[in-house]
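*Asks:* give me a model of this one.
(2 chains)
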Protein chains: 2
Amino acid sequence: MAALQAAPDALAHRYGDAEMVQSKEITGRAWTRVDALNETLKDREVLLRGRVHNVRGKGKSAFIVLRQQTATVQVTLFVDDVNVSKGMVKWASALARESVVDVKGLVVHPEVPIESCTQKEVEVVCREIHCISRSDPELPFLIEDASRPDSAFEAEDTQFVRVLQDTRLNNRVMDLRTPANNAIFKIQSGVGTLFREALLRRNFTEIHTPKLIAGASEGGAAVFKLDYMQVGPACLAQSPQLYKQMAIMGDLEGVFEIGPVFRAEDSNTHRHLCEFTGLDMEMTIKEHYDEVLDVLDELFVSMFDGLNERFKREIGVVNEQHPFEPLQYCRPSLRLTFEEGVKMLQEAGEEVDPLGDIGTETERVLGRLVKEKYGTDFYMLTRYPLNARPFYTMPAPDDPNYTNSFDIFIRGQEIISGAQRIHDPKLLAERAEACGIELPTIQPYIDSFKYGAMPHGGCGVGLERVAMLFLNLPNIRKTSMFPRDPKRLTP
Amino acid sequence: MAALQAAPDALAHRYGDAEMVQSKEITGRAWTRVDALNETLKDREVLLRGRVHNVRGKGKSAFIVLRQQTATVQVTLFVDDVNVSKGMVKWASALARESVVDVKGLVVHPEVPIESCTQKEVEVVCREIHCISRSDPELPFLIEDASRPDSAFEAEDTQFVRVLQDTRLNNRVMDLRTPANNAIFKIQSGVGTLFREALLRRNFTEIHTPKLIAGASEGGAAVFKLDYMQVGPACLAQSPQLYKQMAIMGDLEGVFEIGPVFRAEDSNTHRHLCEFTGLDMEMTIKEHYDEVLDVLDELFVSMFDGLNERFKREIGVVNEQHPFEPLQYCRPSLRLTFEEGVKMLQEAGEEVDPLGDIGTETERVLGRLVKEKYGTDFYMLTRYPLNARPFYTMPAPDDPNYTNSFDIFIRGQEIISGAQRIHDPKLLAERAEACGIELPTIQPYIDSFKYGAMPHGGCGVGLERVAMLFLNLPNIRKTSMFPRDPKRLTP
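*Replies:* You can find the predicted model right below:
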């Protein structure tokens, strides 16, 4: 027996650790994607690169589940001493999960469908297997555990290991490998792409405005401060508000920006982050801020259509772990005035200040009422009270208690805040003073409108919120790749 | 005479200050764009909104040059007491430049082409003119002065007013209105769009990584520091290097990011900024970093093609003020090794350290030599010496003095730096130690590669540099909308 083990394996070249990939040569070999395998490839030899999702050695055989992104396929090894040696099975069986391997093998149709893999009708009979990168055998958690459907944890006495949010985020590299997370970040990318496409179709210009600025960009929220070179104190932009308005004053007519937004707010909620991705837009209007809403209406309907069409597979993958009702939206989108919203709430027995703002919980109630009455999860609420909006919001022409403004909601949660902005420097100064702002602190802002100002309006959208609410996920940390909250700065 | 002036003007409703645009009503009126005017509209009434670029009153007539973005048209007023009153001409003649006006009028074909306008074959006979927003009559500079071709300032005794860079940047809202700047920022937007399109075609995922991070992202450059909530000290990311590599380790396979990059470097040069827009990408490779170069080759050739096709008009507008030679590039792009570059430089009599880096000036010389020999302004220089690259760069397989790395140049100036990255945690730790880095400070980075690491590579591109060098502009402040340098934090 000892002698047998010591005998050199004639098939040793068919397995083992590969030399480190170091750009040594270009061999011209072609790798097939795991998700591209199908029965038309039957009896053909393919080369795959993926991770050892799972491995089971059993005497003279080994079964590997090979994973590449969200796709998995079964790779089989049976000792036959022609193609597969005992040593090869032993070596393969000992591979640590998550290791990266190259597998060369034959595509075959299994006798019974492989229920444990996404590839059920094909498997790969291994001819060669080499390890490209070994994983530490001690994983912070198993991808399998982190991928289980929410329903697995419904029962109180569930036997399954629950991977908690913080464990996931502390080991985000591992957590991102779950099929649902892979799909979520492709969908998140799609939200940005579709936002941009819709505005480029309308000849908007993408801009990049500074995040390092001299003053706080909006009065309300707390701001991150730092020292800037020899110049002095600076802060991180809480929104590109002033800069996108300046771009409009610079005659770009329609602009948008996709970039980080910083809020030093001590909010530990499911929907706040200290750094998030803002989708901002601003445009000239000819006479009415409905022109902005028309653009947003078309934008969001085409975004939802685009997500449903282009990311059908990814939406399905998310659904497997986190089942959700598809987003209901109508065309054109529903627009209600704030007064109409207040009336609906009052009729439902809610207490609301008709000239104040409505809180998060009341917004949810209104979302439910709107869904019941109009059958949509997406709607626009316009004409907010003056008290609920920043000083630079244009007052309504017919009633000084209201403004030319709007919020937009998905599933009862706010994703967008926008308005017509005051373009008249005199009125802007008046409103700032009325709001208790010291004029010298915002003089440069007011001065931007001094040399002829095009009437304009715009809005800011939270990218992570759109992705979260489209997929009806419970926490914004699920749609932020490396979330920043009051307690988290790493990884 | 006094009695005459006091008499009410029967045409008073045809001119004057409009009521503030405040979303009062939607009239259904349609505005024609100034650049859309043409002879097919002859004798038709159009409504325009633009700025008073220039106005000249002369007794019973007034001539206004109306500007909308880069297009201008002449608007004429002649007193006839039927459509145009004396009061109307007087009022129009007194309009401050840059004021925004609505003009209703008839499109006519002028007897002689209007050489001073972009619309030479049509002008507009004014029927109504109302001011939407008045400009302060005292402008920081005239758009006309800020738009003059570079050639106007070649003669030492030029009579023209030169608007200096700082004056422009201090009044950026005005400066952005010049035709060349309007075009530059549309082209800048195009650079980002084309970068993104090329990578989305290859199924890359757009990501958004945090700018607030716990450690310095790259050892070399100086970093902006701040306090983060209750957590402690934080800094602004000098690149998304670690995070895009983590996204790859999270199995996203190909990722890119377009976002701000912060460098607290005291560099007062024509090509450095303290905040700029990084176009970053990272991808898995199967065996060779040439795979990254292949993607970049296709990406940049399609970007240059796309800019030349989609922004032909804008490129023409920039050319009028800042004449430049169109970018020469070949397909496939030229690739030279660092050793080949050194040889070319040495043959031209330059002193170069074959195992060091080459400086900015030497890069320019090499750019000229390459242009002479190969006829291209765009090329890739590969296999940089180990000493010239960061510790995480994969060493070359055949010679430890070199690395699997590259820089890419436009017109002799670097726009991209990239490489295959070390994916092996052991080698990564060795290289970090050899570079004098204390391991504990980068342990989380090294640990990202612990659970099986796909070989990968990528690069970072400076958006403003690409736009600057494509257009052969002399200063990066011309392609950054609100530049940040060691001395400038406003506007």
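*Asks:* now do the residue nearest to residue A:232 when sequence neighbours are not counted against residue A:379, distance only.
*Replies:* In space, and not counting its chain neighbours, residue A:232 is closest to residue B:489: 7.8 Å by C-beta to C-beta, 6 or more residues apart in numbering or on different chains. Any C-beta I mention is one placed from the backbone N, CA and C, and that applies to glycine too. Per C-beta to C-beta, to the nearest Å, residue B:489 is found 41 Å from residue A:379.
*Asks:* what ranges do the strands span in the stretch 1-150 of chain A?
*Replies:* Along the stretch 1-150 of chain A, the segments classed as strands by DSSP state E, counting those that start in this stretch run A:15-17, A:45-58, A:61-68, A:71-78, A:100-108, A:123-133.
*Asks:* show me what contacts the residue nearest to residue A:131 when sequence neighbours are not counted?
*Replies:* Distances taken as C-beta to C-beta, 6+ apart place residue A:17 nearest to residue A:131, at 4.8 Å, with adjacent residues excluded. By C-beta atoms under 8 Å, 6 or more residues apart in numbering or on different chains, the residues touching residue A:17 are A:130-131, A:134.
*Asks:* please repeat the previous calculation with a cut-off of 10 Å.
*Replies:* The contact partners of residue A:17, taken as C-beta atoms under 10 Å, 6 or more residues apart in numbering or on different chains, are A:91, A:99, A:101, A:130-134.
*Asks:* also residue A:465?
*Replies:* Residue A:465 neighbours (C-beta under 10 Å, 6+ apart): A:191, A:271-273, A:276-277, A:279, A:410, A:413-416, A:476, A:479-480.
*Asks:* pLDDT and neighbour count for the contacts of residue A:17 - can I get that in JSON lines?
*Replies:* Shown next, in JSON lines, are the contacts of residue A:17 (pLDDT from 0 to 100; neighbours: other C-beta atoms under 10 Å in any protein chain shown):
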{"residue": "A:91", "pLDDT": "97", "neighbour count": "21"}
{"residue": "A:99", "pLDDT": "98", "neighbour count": "21"}
{"residue": "A:101", "pLDDT": "98", "neighbour count": "27"}
{"residue": "A:130", "pLDDT": "98", "neighbour count": "17"}
{"residue": "A:131", "pLDDT": "98", "neighbour count": "20"}
{"residue": "A:132", "pLDDT": "98", "neighbour count": "23"}
{"residue": "A:133", "pLDDT": "98", "neighbour count": "23"}
{"residue": "A:134", "pLDDT": "98", "neighbour count": "20"}
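*Asks:* show me which pair in those is furthest apart.
*Replies:* A:91 and A:133 (15.6 Å; C-beta to C-beta).
*Asks:* quick one: pLDDT of the nearest residue to residue A:86 once chain neighbours are set aside?
*Replies:* Take residue A:86 and drop its neighbours on the chain: the residue closest to it by C-beta to C-beta, 6+ apart is residue A:79, 5.2 Å away. In this prediction, residue A:79 carries a pLDDT score of 97.
*Asks:* would you map out the domains in chain A?
*Replies:* A:14-19+A:27-133, A:179-478 (automatic domain parsing).
*Asks:* what about the longest one, average pLDDT?
*Replies:* Summarised as a single mean, pLDDT over domain A:179-478 is 96.
*Asks:* end to end, how far does that domain reach?
*Replies:* 13 Å (C-alpha to C-alpha, to the nearest Å).
*Asks:* quick one: distance of it to the chain centre.
*Replies:* 17 Å (C-alpha atoms, centre = their mean, to the nearest Å).
*Asks:* thought the residue nearest to residue A:86 was touching residue A:59?
*Replies:* Yes. Assessed by C-beta atoms under 10 Å, residue A:79 is found in contact with residue A:59 at 8.4 Å.
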